[in-house]
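# the sequence and its predicted three-dimensional model are supplied below.
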Amino acid sequence: MIGLFTAEEVRAAEEPLLAATPEGALMQRAAAGLAAVCGRLLGPVYGRRVALLVGSGNNGGDALFAGARLAGRGARVTAVLLTPDRAHGAGLTALRRSGGRVVPARNPGAEAVVARADLVLDGMLGIGGRGGLRQDAAVLARAAAAGAGITVAVDVPSGIDASTGEVDGVAFPAMHTVTFGAVKRGLVVGEGRGHAGQVHLVDLGLDPHLPTPTAWQLTDADVAARLEPPSAGDDKYSQGVVGVLAGSAAYPGAGVLCAGAALRTRPGLVRYAGGAADGVRAAWPEAIVTEGGPGGAGRVQAWVVGPGAGTDDAARTVLAEVLATDVPVLVDADALTLLAREPDLVRRRSAPTVLTPHDREFARFGTEVGTDRIGAARRLAADLGAVVLLKGDATVVADPDGTTFVNGTGTADLATAGTGDVLSGIAGAVLATSAATGLPAVEAAAVAAHLHGRTGQLAAQRGPLVAGDLVRRLPEAVGRVRGVGPAVLGDSPA
Ligand SMILES: NC(=O)C1=CN([C@@H]2O[C@H](COP(=O)(O)OP(=O)(O)OC[C@H]3O[C@@H](n4cnc5c(N)ncnc54)[C@H](OP(=O)(O)O)[C@@H]3O)[C@@H](O)[C@H]2O)[C@@H](O)CC1
Ligand SMILES: Nc1ncnc2c1ncn2[C@@H]1O[C@H](COP(=O)(O)OP(=O)(O)O)[C@@H](O)[C@H]1O
Ligand SMILES: [K+]
């Protein structure tokens with residue numbers, strides 16, 4: 001698991017490390033790692049144009065020292081200084097000694113330096129940045145976006161909040177971010193994720209000083225370890241029995257997609273008791289279909305309730321019935337709309353509940369998501385005593401105790417109708433085995449989000465995807481996550 005940290009946690013950890021190392025040593029470690037990544041990205045370094053965007057803090061110092069190393073390898077390096085009288089002195093000296101040039105950002109021609117560069121290194125603001133970019137910094141960020149060079153952020157893209165990923169106005173659009181000591185949360189969540197590009201972690205020796213993380217990102221290996229394949233002693237019941245209450249006469253597809261995803265994730269046994277029995281029977285002869293609602297379905301180890309299920313009185317009765325059981329329940333879509341009207345239905349549960357809202361469904365519980373997605377998911381989870389899986393580009397999964405996972409897989413191709421129904425089916429299947437495996441519900445939900453995202457990436461390799469493609473590609477995605485077959489190209493940090 002990759003720990004995710006706030007800027008404050010990183011700052012606090014840096015203090016004792018700074019005190020224990022010779023002056024400037026940490027910045028040299030950072031600059032060496034940064035220059036190494038830039039060198040790899042450039043290929044041949046000699047003769048290539050590198051623009052350094054340099055602010056007044058240590059982030060600018062990192063950029064200047066890395067620029068000096070690249071200039072030493074023959075790159076044509078120009079530093080564009082936002083505040084020439086406050087730029088890092090030793091860094092400037094090192095750059096000049098290596099043959100680098102310097103121009104103030106206010107000089108005519110500074111933007112052209114950025115536009116012509118093969119690589120633009122953003123050392124304007126690091127974890128000391130506050131609020132949106134000031135005008136001159138925003139101009140340079142826009143010039144980098146418009147140019148053809150590779151864009152690389154130093155520690156964090158300037159203009160993003162390192163802890164929440166919030167962007168207030170303009171931020172540097174990095175294709176790569178070289179981050180120091182620890183992965184900052186803002187690089188993987190909210191708008192920050194889209195600005196950070198691929199994240200490279202440079203080790204500074206900070207680990208012994210960092211607190212135990214409360215936010216994490218799972219890797220393929222973490223997910224594989226939580227999705228054990230069946231063993232000789234297993235039968236269809238020990239694989240986890242999932243009950244699906246999705247779909248209706250108006251929306252039979254939600255039932256078909258949800259039941260199919262559950263079957264394809266961990267095909268022990270799926271009991272279907274929703275309102276689209278004929279459709280599910282036709283699509284999935286493997287499912288056991290009943291028409292008497294949850295009460296007549298037989299024993300299950302987890303329920304999935306809500307996708308396409310409607311919000312009428314009958315749907316409300318079904319929701320109350322499953323929430324009164326002692327097994328894990330995943331609540332999605334229409335059932336979230338109902339639950340938002342009666343949140344006490346979930347507060348009094350003893351077994352785990354997982355809610356899977358997108359932003360509009362989240363808002364029905366009383367507050368907008370806002371710009372701090374981790375904070376928002378944690379607040380609702382603590383309020384309701386339920387795991388909250390807040391969907392989005394970087395899905396956030398929060399436990400009532402604060403433990404949080406930020407998903408690192410997925411693709412914007414998932415923004416299409418029905419993919420959420422598939423996620424519910426996957427999560428139901430993982431939850432159904434959690435009683436036997438001891439997997440906490442928050443981890444089961446995070447595993448499902450990771451697998452859903454990987455399946456989306458796999459399906460998108462063939463072009464635009466529809467939700468049914470995810471169901472079809474799920475077994476292959478499970479296999480690849482377990483290391484069977486070539487890895488799916490992903491975008492996990494480090
Ligand atoms: N500590 C360590 O061990 C190590 C730290 N390292 C590096 O240090 C970085 C942190 O450095 P830092 O603390 O100097 O702050 P930093 O992010 O460069 O910016 C502060 C300056 O920006 C300015 N400014 C603020 N907001 C602004 C805005 N919106 N728009 C424009 N300007 C704004 C503000 O100026 P002022 O407001 O005073 O005008 C202030 O002077 C960290 O990210 C990492 O890269 C590595 O070398 C490894 C070892
Ligand atoms: N821009 C995006 N990038 C990555 N994933 C996305 C994006 N938009 C949506 N998704 C994912 O697609 C799924 C959509 O779910 P949902 O909104 O419930 O759709 P539906 O109700 O139509 O099934 C979620 O898993 C969400 O995280
Ligand atoms: K930066």
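The structure has been received and is ready for your questions. Ligands and ions are numbered 1, 2, ... in the order given.

# just the pLDDT at the residue nearest to residue 187 when sequence neighbours are not counted, thanks.
Spatial nearest neighbour of residue 187, chain neighbours left out: residue 196 (4.2 Å); criterion: C-beta to C-beta, 6 or more residues apart in numbering. Any C-beta I mention is one placed from the backbone N, CA and C, and that applies to glycine too. Per-residue confidence (pLDDT) for residue 196: 98.

# ligand 2 contacts on the protein?
333, 358, 391-393, 395, 410-412, 414-415, 417-421, 423, 452 (C-beta under 6 Å from any ligand atom).

# just the buried subset of the residues you listed, please.
Buried members of these, counted by 16 or more other C-beta atoms under 10 Å: 333, 358, 391-393, 395, 410-411, 414, 418-421, 423, 452.

# of all those, which two lie farthest apart?
By the measure C-beta to C-beta, 333 and 411 form the most distant pair in those, at 21.4 Å.

# please identify the helix or strand for residue 381.
helix 373-384 (DSSP states H and E).

# check which helices and strands that helix is in contact with.
In terms of contacts (3 or more C-beta pairs under 8 Å, 6 or more residues apart in numbering; DSSP states H and E), helix 373-384 is packed against strand 353-355, strand 387-390, strand 396-398, strand 404-406.

# give the helix, strand or coil label for the residue of the chain found nearest ligand 2.
Residue nearest to ligand 2 within the chain (C-beta to the nearest ligand atom): residue 420, separated by 2.1 Å. With DSSP: H, G, I helix; E, B strand; the rest coil as the basis, residue 420 sits in helix.

# surely it and residue 357 touch.
No. Judged on C-beta atoms under 8 Å, residue 420 makes no contact with residue 357 at a distance of 9.7 Å.

# where do the contact lists of those two overlap?
residue 391 (C-beta atoms under 8 Å, 6 or more residues apart in numbering).

# please name the residues that touch the residue lying closest to residue 278 once chain neighbours are set aside.
Spatial nearest neighbour of residue 278, excluding adjacent residues (C-beta to C-beta, 6+ apart): residue 252 at 7.6 Å. The contact partners of residue 252, taken as C-beta under 8 Å, 6+ apart, are 276, 278-280, 308.

# and residue 252, how far from residue 414?
Taking C-beta to C-beta, to the nearest Å as the measure, residue 252 falls 22 Å from residue 414.

# same deal with residue 187?
Taking C-beta to C-beta, one finds residue 187 at 20 Å from residue 414.

# in space, what's closest to the residue of the chain most remote from its centre - neighbours in sequence excluded?
Going by C-alpha atoms, centre = their mean, the residue of the chain most distant from its centre is residue 97, 41.5 Å out. Computed as C-beta to C-beta, 6+ apart, the closest residue to residue 97 that is not its neighbour in sequence is residue 68, at 7.1 Å.

# still on that earlier bit, so which of the helices and strands packed on helix 373-384 is the most surrounded?
strand 396-398 (a mean of 30; mean count of other C-beta atoms under 10 Å).

# chain center to that strand, what's the gap?
Chain-centre distance of strand 396-398: 9 Å, with C-alpha atoms, centre = their mean, to the nearest Å.

# that strand packs against which elements?
For strand 396-398, the packing partners by 3+ C-beta pairs under 8 Å, 6+ apart come out as helix 373-384, strand 387-390, strand 404-406, helix 441-460.

# name the helices or strands packed onto the third one?
Right, strand 404-406. strand 215-217, helix 373-384, strand 396-398, helix 441-460.

# residue numbers of the chain in contact with ligand 3?
Contact residues (C-beta under 5 Å from the ion) of the chain with ligand 3: 59, 122, 153-154, 158.

# how does it look with 6 Å?
Residues of the chain lying close to ligand 3 (C-beta under 6 Å from the ion) are 59, 122-126, 153-156, 158.

# backbone phi and psi for the residue farthest from the centre of the chain, please?
phi -60, psi -30 (degrees, to the nearest 10).

# need the pLDDT of the residue nearest to residue 166 when sequence neighbours are not counted.
Of all residues not flanking residue 166 in the chain, residue 371 sits nearest, at 3.9 Å (C-beta to C-beta, 6+ apart). As predicted, residue 371 sits at a pLDDT of 96.

# show me the contacts for residue 371.
So residue 371 contacts 161, 164-166, 190-191 (C-beta under 8 Å, 6+ apart).

# go on, residue 448?
So, once contact is read as C-beta under 8 Å, 6+ apart, residue 448 ends up touching 265, 389, 423, 426-427, 429-430.

# residue 292 now?
So residue 292 contacts residue 273 (C-beta under 8 Å, 6+ apart).
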